[in-house]
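# Model the following, please.
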Amino acid sequence: MAGGGGNLCSRGDCSENRLKQEILLGMGGVLTLKRLGIKKDIYHCNEGHAALCNLQRLCDYVDGGMTFNQAMELVRASSLYTVHTPVPAGHDYFDEALFGKYMGGYPARLGISWDEFIGMGRMNPNDHGEKFCMSIFACNTCQEVNGVSRLHGWVSQKMFAPIWKGYFPEENHVGYVTNGVHFPTWAATEWRRLYDKYFDPSFMSDQSNEQIWHAIYDVPDEEIWKTRMGLKQKLVKYIREKFTQTWLRNQGDPARVVSLLERINPNALMIGFCRRFATYKRAHLLFTDIDRLSKIVNDPEHPVLFFFSGKAHPADGAGQGLIKRIYEISQRPEFLGKIIFLEDYDMRLARRLVSGVDIWMNTPTRPLEASGTSGEKAEMNGVVNLSVLDGWWVEGYREGAGWALPQEKTYQNQTYQDALDAATIYSLLENEIIPLYYNRKGRKAYSEDWIKVIKNSIATIAPHYTMKRQLDDYYSKFYNKEAARFKKLSANDNRLAKEIALWKEVVAERWDSIHVVSKEADVLQNGGETGVNYHLKYVIDEQGLDDAVGLEVVTIKNQQNTGDRQLVNVREFKMTSHEGNNYTFEADVEFDEAGQFRTAVRMFPKNKNLPHRQDFCYVKWLD
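Numbers count the residues shown, from 1 in each chain. Predicted coordinates for the structure are as follows:
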C-alpha cells in the first residue's frame, strides 16, 4: 500500500494509486472504527470512493460464521450510497487485472467465485471486458441510493437504470436528499448578529422553519443595506491586501497594481463566480461577447465588477486553460479592475466572496450540476443567485428572489445553447439586474427594490438549504428506515436475514423453470380500444415456490418526437386461486387515451420482507 497518499491524479496513470486510496478509505475506515470500539447501525457511503467499506463488512460477517448471501442481507440493509455527480470522471473504474492484484484473495474469503465478486462492480456482470466500477459496487451493496437534489435524483435513476434490468428508470428506488450548508460556518458574523436580533430565540434549533426566517421582513431596509455594505467593504479590503501581497511576491508593475486596486469600488454591483473550474461549469459563458461585456462593466453611472476564483483539477487541461483565458482577459485595459481573477482559492476566500458580492452566478451545463452548494451559502448572506435552473436551484428558485435561466435546453447543439445562455445572461444584467440594483429613489444610498429581493431570498429560499434540513431529510428518508429494517433482520441471531437469503437462493435456482401454463391475453398482441376494459388471466407454474411471484401489466407509450418510452401505467394482478404448483392471476386493463401503446406482463419475485424490487432484481417478461 506504499504510495497511496500521493497527490490525486497529479501525474501519469494514477489508477493504482487511486485504488490504494479507496482501499484505505473504505476498508481501512471500517477497520479503524473497529479498533476504536465504535459500532454503528448504518454505514453511509458518501460517494462510490468509500464503497469498499462494504467489502470489509462482508468479510467481517463471513469471518463470524455467516454465508456470503446472509452477510449481504445485513450489509445491504444497513448501507446507504449517495452519488454526487453524473459526470463520468467522478466515477472510478479499474481494470480487472489491477483490481485482481489487490482484491484477488477476497472471493475465496467470502466463499464466492471471482466472476461473482467482480460482477458486483459491473453494469453487465457477465461482460468480462467491462471494468470494475466503485459506484456500481456501491449500488449493489447498499439498500438505498440517493442523489443530492431532486433533479439529480432523476438523473441518477436514469444513469443507474441498466443495473436493474427489467425496470424503467422512474420505477427504481434511487431517491434524493438535496444538499444543504452549515449555517454557523457560512453565515457571516454580521448576518448571524442580525438574525439573533430579529429572529425567534428558537432559530438555531429550528433553522428549517420558514416562518422564523420571515422575520427578515421586519428588519429595516437601512439595516439590511448597512450589513451588506459592511461585508462588501470587507471583501474589497481583503482583495486589495491579497493583490498587494501577490504584487510584492511577483514584483509586478506597481502602476498597474495601483490602477487595478483603485478601480475596485465597493459601491459597484459585485458579481461572483467562484468554484471548481470544470468545463461543464461553463465559466467561459460571460466572455462570449467581449464587446457587450465591456459595455456592461464600463458604464460610469452603473459600475459592475466580476470576481472569478477557483482551481482546476491538476489533470484537467481544459479547466486550467479556462483559468488562463479568464486571467488574460482580466489584464486587458478595458477590463482591468472590472474583471478580477483571485488566485489561491481556499475556504477563507470563499467565505469572503459568498458574503461580500451582490450576485452569485452559476452557469452549469444542464443537467450536470448535481446540487451545488456555493449558491446556498450565498443565500445565508443576502447574496442573490443568478443561475441556470440546475441542481439545487431547480427547487430553490422563487420569482422575485433571484434570477434563473431555463431548465430545458433549446438546442441539442451545445455551442448554440452556450451562445443562447450567454445572450440571456447579458440581457438579464442589462435589462433587469443592473437597473434594479441602481434604482435608488430620492437621496437613498440603496435600491428599495433590491432590498426586497434580498429579503425575499432570505425568507423563502435560505431556510430550505441548511445542513439541519439536510440531516433531517436523511433521517426521515433513509437512516430511520434502514435502522428499523436492520434491527428486524439481525434479531434472534440474524434469523430473518438468513431466511431471506435462503428464499432468494431457492428462487434464483428455480427462476428459469417458472413458466406460463395458460393465458387469456389477446389484447396484448392485438391492441385495445380506448375506454374498453380488458380482462387478463394467467396461470403460472411456480415450481413449488408457494406464492413467491407477482405479476403486473405494464403499459408504455412511445414519445413521437423523441422516441423515448414513457411509462403510462403499472397494475398488479391479483392471485385468485391456486391448485398444486399452479397459481392463477387476473387483472383488468383499460387504455385511457389514444396513442401508440405497448402493453406487456412482467413477472417478479414477491416477498413482503424485501425493501423494494431492486433488492432482488429478477424479472421475466411473459409472452
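# Please, which helix or strand holds residue 124?
For residue 124, there is no helix or strand it lies in under DSSP states H and E.
# Surely it touches residue 131?
No: with contact defined as Cβ atoms under 8 Å, residue 124 does not reach residue 131; the gap is 11.3 Å. Placement of C-beta: from N, CA and C, glycine included.
# Neighbour count: the two, which is higher?
The neighbour count for residue 124 versus residue 131, taken as other Cβ atoms under 10 Å, is higher for residue 131 (18 against 13).
# In PDB, could you pull the C-alpha coordinates for stretch 73-90?
Provided in PDB are the C-alpha atoms of stretch 73-90 (Å, rounded to 0.1, in the frame of the first residue of the first chain):
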ATOM      1  CA  GLU A  73     -28.500  -9.200   3.500                       C
ATOM      2  CA  LEU A  74     -27.200  -7.500   6.700                       C
ATOM      3  CA  VAL A  75     -24.700  -5.300   4.900                       C
ATOM      4  CA  ARG A  76     -27.100  -4.100   2.200                       C
ATOM      5  CA  ALA A  77     -29.900  -3.400   4.800                       C
ATOM      6  CA  SER A  78     -27.600  -1.100   6.800                       C
ATOM      7  CA  SER A  79     -25.900   0.800   3.900                       C
ATOM      8  CA  LEU A  80     -26.800   4.000   2.000                       C
ATOM      9  CA  TYR A  81     -24.900   5.200  -1.000                       C
ATOM     10  CA  THR A  82     -25.000   8.900  -2.000                       C
ATOM     11  CA  VAL A  83     -23.900   9.700  -5.600                       C
ATOM     12  CA  HIS A  84     -22.700  13.200  -6.100                       C
ATOM     13  CA  THR A  85     -22.200  13.700  -9.800                       C
ATOM     14  CA  PRO A  86     -23.400  12.400 -13.200                       C
ATOM     15  CA  VAL A  87     -20.100  13.400 -14.700                       C
ATOM     16  CA  PRO A  88     -18.200  10.200 -15.800                       C
ATOM     17  CA  ALA A  89     -14.900  11.500 -14.400                       C
ATOM     18  CA  GLY A  90     -16.500  11.300 -10.900                       C
END
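# Name the residues of that stretch that come out as buried.
Neighbour-count burial for stretch 73-90 flags 73-86 (criterion: 16 or more other Cβ atoms under 10 Å).
# Which of those residues fall within helices?
The helices, defined by DSSP state H, take in 73-77 from the buried residues of stretch 73-90.
# Residues contacting stretch 377-386, please?
The contact list for stretch 377-386 (Cβ atoms under 8 Å, 6 or more residues apart in numbering) reads 181, 183, 186-188, 191, 224, 227-228, 231, 271-272, 350, 354-355, 357-362, 375, 393, 396-397, 401-404, 425, 428, 433, 453-454, 457-458, 461-462, 465.
# End to end on it, go ahead and measure it.
14 Å (Cα to Cα, to the nearest Å).
# so how far is that stretch off the chain centroid?
Centre-to-centre, stretch 377-386 and its host chain are 20 Å apart (Cα atoms, centre = their mean, to the nearest Å).
# now stretch 361-376
10 Å.
# Show the end-to-end separation of it, please.
Start-to-end, stretch 361-376 (Cα to Cα) is 12 Å.
# Let me know the average pLDDT across that stretch.
For stretch 361-376, the mean per-residue pLDDT is 92.
# same question, stretch 63-73
98.
# Stretch 338-357 too?
Stretch 338-357 shows a mean pLDDT of 92.
# again, but for stretch 209-228
The pLDDT scores in stretch 209-228 average 98.
# and residue 35, how many residues sit next to it?
Neighbour count for residue 35, taken as other Cβ under 10 Å: 8.
# With residue 578 instead?
Residues near residue 578, counting by other Cβ under 10 Å, number 15.
# Relative to residue 146, how far out is residue 254?
Relative to residue 146, residue 254 is positioned 53 Å away (Cβ to Cβ, to the nearest Å).
# Look at those two and report which has more neighbours.
In this view residue 254 and residue 146 are compared by other Cβ under 10 Å, and residue 146 has more residues nearby, 24 against 10.
# secondary structure element for the more buried one?
Using DSSP H and E, residue 146 falls within strand 144-147.
# Then residue 589?
strand 582-590.
# Identify the residues contacting that strand?
517, 523, 528, 531-542, 547, 549, 551-553, 555, 569, 571-578, 599.
# Quick check, residue 231 in contact with residue 354.
No: using Cβ under 8 Å, residue 231 makes no contact with residue 354, being 9.8 Å away.
# who's more crowded, these two?
residue 354 (27 against 23).
# Could you list which residues are in contact with that one?
Counted by Cβ under 8 Å, 6+ apart, residue 354 has contacts 186, 272, 274, 360, 374, 377-378, 380-381, 383.
# same thing but 10 Å
181, 186-188, 231, 235, 272, 274, 360, 373-381, 383 (Cβ atoms under 10 Å, 6 or more residues apart in numbering).
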